[in-house]
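> What shape does this take:
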Amino acid sequence: MNVLMFGWEFPPNISGGLGTACYGIVKGLSECHDVHVTFVIPKSQGNELLADKLQLISADKVNIGNESIPNIIWKNISFHHVQSKLVPYLTPEIFSQTHELVYKDELIENKSKGVRIKFSGKYGPNLFDEINNYALVAKTIALENQFELIHAHDWLTFPAAVAAKKISGKPLIVHVHSTDYDRSGGAINPDIFAIEKQGMEEADKIIVVSNRIRDRLTEQYNIPDNKIITIYNGIEPQTDEHDQALHQPRKNKIVTFLGRITIQKGPEYFVDVARMIIHRMKNVHFVMAGNGEMRNNIIELSAKYGISNRLHFTGFLNGPEVTEMLRRSDLFIMPSVSEPFGIVPLEAMQANVPVIISLQSGVSEVIRNVIKTDFWDVHAMADAIHGILKYKKLSATLIAEGKQEVSKLSWNNPTSQIKQVYLNELLKTAS
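Numbers count the residues shown, from 1 in each chain. A predicted model of the protein is given here:
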């Protein structure tokens, strides 16, 4: 079975959990002897982590002809040049406050057999231009490769996947890792919403990462429930050497937030609870690891509260740096306002770190050996932090039970379910 899969990023060149999930899925599928994946990204950096039976295609290396994709692909949607450094996690209002408008004409490279479109491989500038161009290249990729079905990850790839479906007639599976409702806190971008909705409507089957997202699709996007299947994410197992390197006793305790500093992730609640704990416990420091449009506001808030000497900001951390940060942590908190899934809590549990998560997260549907609170209930969160840091037996129990629980959450089960979705769709096509 040959699968044409469209993504936007691939490890180690990632900005969040999407690339991590794509790698886990591809690696898991590669262990199935009868599945071969061709994974497409806008721009390869040359250092991608390749799995067995994986062919990686960089869209900027594909020669395309001068013909364009028929207009029927996207009903009632027109793509326009976006003259800004647009990224998918910013609202228009916050973007206008934090970015200078800059525009560069699309760079196109002439080749004897056609043209090559240059992609940045990032989330800006001119993101919508790149999404549209990705769809143009997808047409050529679909014509030049053999495959039985198409699998696309999140809205950035939906136009490309639909283009491939229109050209090939093959079944399309879209994988929804998040929606604009989650990323924007409800202040949706209508253009992104339109792309998401039409991609879901064109799909033959939709995979979501939690029942939380399943409900979102039925309620906000009017997608029939019988078109959707929930398949939870997994986590890559770690080596014994990684286990042995973790956690050395220390006097000061470290409580960590790790993720994008955006409205979706609830960073202001982390600061509120930090202020409460700092007044109750003298030996606790808080670390906010990540970047995002709310970072400066959160730094100002910590200064306003007078806790800047106990709340530290690291900026974006890559894979090895994330491992090191977790190694130094005594507690991990994910106070997300709306989290479709959330892989980092699994990584923290795997790293022998007790975990507190919000009930407004997809991962809360899966794991039990963590403390769960509403994102807005900072008093309950503060009580949980105090108890875990003060009582060693509570911390030790969460660590031991959490480690055992997360060891059973590999990518084997999710990828087996995904493969079954593939087989079911191919059976429908054949009948």
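
> got the contact list for the nearest residue to Ile14 once chain neighbours are set aside?
Nearest non-adjacent residue to Ile14, counting by CB to CB, 6 or more residues apart in numbering: Thr20, 6.2 Å away. Yep, even glycine has a C-beta here, placed from its N, CA and C like the rest. Applying CB atoms under 8 Å, 6 or more residues apart in numbering, we find Thr20 in contact with Pro11, Ile14, Ile343.

> from the residues you listed, which has minimum pLDDT?
Within the contacts of Thr20, Ile14 has the lowest pLDDT, namely 79.

> Next, it: phi, psi?
phi -130, psi 160 (degrees, to the nearest 10).

> is it fair to say Ile206 lies in a helix?
No: counting by DSSP: H, G, I helix; E, B strand; the rest coil, Ile206 is not found in a helix; it is strand.

> what's the neighbour count on the residue nearest to it when sequence neighbours are not counted?
Excluding its sequence neighbours, the residue lying closest to Ile206 (CB to CB, 6+ apart) is Ile228, at 4.8 Å. The burial count assigned to Ile228 is 20, neighbours taken as other CB atoms under 10 Å.

> can you pick the most crowded of the contacts of Thr20?
Ile343 (21 neighbours).

> Across the sheet, point out what pairs with Gly290.
Per DSSP bridges, the residues bridged to Gly290 are Gly315.

> Could I get the contacting residues of it?
Applying CB under 8 Å, 6+ apart to Gly290 gives the contacts Phe257, Leu258, Gly259, Arg260, Ile261, Lys265, Thr314, Gly315, Phe316, Leu317.

> who's the first one bridged to?
Judged by DSSP bridges, the bridge partners of Phe257 are Met288.

> rewinding a little: next, give phi and psi for the residue nearest to Ile206.
According to degrees, to the nearest 10, Ile228 has phi -110, psi 140.

> Correct me if wrong: Ile418 contacts Val26.
No: the criterion here is CB atoms under 8 Å, and Ile418 misses it with Val26 at 10.3 Å.

> quick one, which of those two is more surrounded?
The neighbour comparison of Ile418 against Val26 (other CB under 10 Å) goes to Val26, with 27 against 23.

> where does the more buried one land on pLDDT?
Note for Val26: predicted pLDDT of 93.

> after whichever strand or helix holds it comes which helix or strand?
Assessed by DSSP states H and E, Val26 sits inside helix 17-30. Using DSSP H and E, the next helix or strand after helix 17-30 towards the C-terminus is strand 36-41.

> in its sheet, what does the next helix-or-strand element following that next one sit against?
Counting by DSSP H and E, the next helix or strand C-terminal to strand 36-41 is strand 54-58. Looking at strand 54-58 with DSSP bridges, its partner strands are strand 36-41 (parallel).

> Compute the inter-axis angle for the partner strand and helix 17-30.
In terms of direction (axes from the mean of the first three to the mean of the last three CA atoms, to 10 degrees), strand 36-41 departs from helix 17-30 by 160 degrees.

> same question for strand 36-41, mean pLDDT?
Summarised as a single mean, pLDDT over strand 36-41 is 94.

> which outside residues touch that strand?
The contact list for strand 36-41 (CB under 8 Å, 6+ apart) reads 1-10, 22, 26, 29-30, 48, 51, 53-59, 121, 138, 141, 145, 147, 160.

> Please check those and keep the buried ones.
Among these, the ones that count as buried by 16 or more other CB atoms under 10 Å are 2-10, 22, 26, 29-30, 48, 51, 53-54, 56-59, 121, 138, 141, 147, 160.

> same question for the strand or helix carrying Gln417, mean pLDDT?
Assessed by DSSP H and E, Gln417 sits inside helix 412-430. For helix 412-430, mean pLDDT rounds to 94.

> Next, the angle from it to helix 17-30.
70 degrees.

> Show me what helix 412-430 is packed up against.
helix 17-30, strand 149-153, strand 172-176, strand 205-208 (3 or more CB pairs under 8 Å, 6 or more residues apart in numbering; DSSP states H and E).

> Buried ones in that helix, by neighbour count?
Of the residues in helix 412-430, those buried by neighbour count under the rule 16+ other CB under 10 Å are Pro414, Thr415, Ile418, Lys419, Val421, Tyr422, Glu425.

> Using TSV, please lay out the contacts of Gly290 together with distance to Lys372 and pLDDT.
Shown next, in TSV, are the contacts of Gly290 (distance: CB to CB, whole Å; pLDDT from 0 to 100):
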residue	distance to Lys372	pLDDT
Phe257	16	98
Leu258	18	96
Gly259	17	93
Arg260	21	92
Ile261	22	96
Lys265	16	96
Thr314	26	96
Gly315	29	94
Phe316	27	91
Leu317	25	92
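
> circling back to that earlier point, I figured the residue nearest to Ile206 hits Thr218, correct?
Yes: with contact defined as CB under 8 Å, Ile228 and Thr218 form a contacting pair (7.3 Å).

> what about the strands in the stretch 301-431 of the chain?
All strands of the stretch 301-431 of the chain, identified by DSSP state E, counting those that start in this stretch, fall at 311-315, 331-334, 355-358, 371-373.

> Counting by contacts, list what the third one packs against.
The reference is to strand 355-358. The elements that strand 355-358 packs onto, with contact taken as 3+ CB pairs under 8 Å, 6+ apart, are strand 331-334, helix 344-350, strand 371-373, helix 378-390.

> what about 6 Å?
With contacts defined as 3 or more CB pairs under 6 Å, 6 or more residues apart in numbering; DSSP states H and E, strand 355-358 has these neighbours: strand 331-334, helix 344-350.

> Same question for the last one.
Here strand 371-373 is seen to pack against helix 378-390 when contacts are counted using 3+ CB pairs under 6 Å, 6+ apart.

> Mind doing that once more with 8 Å?
Using 3+ CB pairs under 8 Å, 6+ apart: strand 371-373 touches strand 355-358, helix 378-390.

> Need the winner for burial among those.
When the helices and strands packed on strand 371-373 are scored by mean count of other CB atoms under 10 Å, the highest mean neighbour count falls to strand 355-358 (a mean of 24).

> What strands line up against it, and which way round?
Counting by DSSP bridges, the strands paired with strand 355-358 are strand 331-334 (parallel), strand 371-373 (parallel).

> With Ala194 as the reference, name the closest of those.
strand 331-334 (29.9 Å; CB to CB).

> Would you indicate which residues of that closest one are buried?
Buried, per 16+ other CB under 10 Å, within strand 331-334: Leu331, Phe332, Ile333, Met334.

> Against Val26, how distant is the last one?
Meaning Met334. In this structure, Met334 and Val26 are 25 Å apart, going by CB to CB, to the nearest Å.

> got it, and the second one?
With distances defined as CB to CB, the gap from Phe332 to Val26 amounts to 26 Å.
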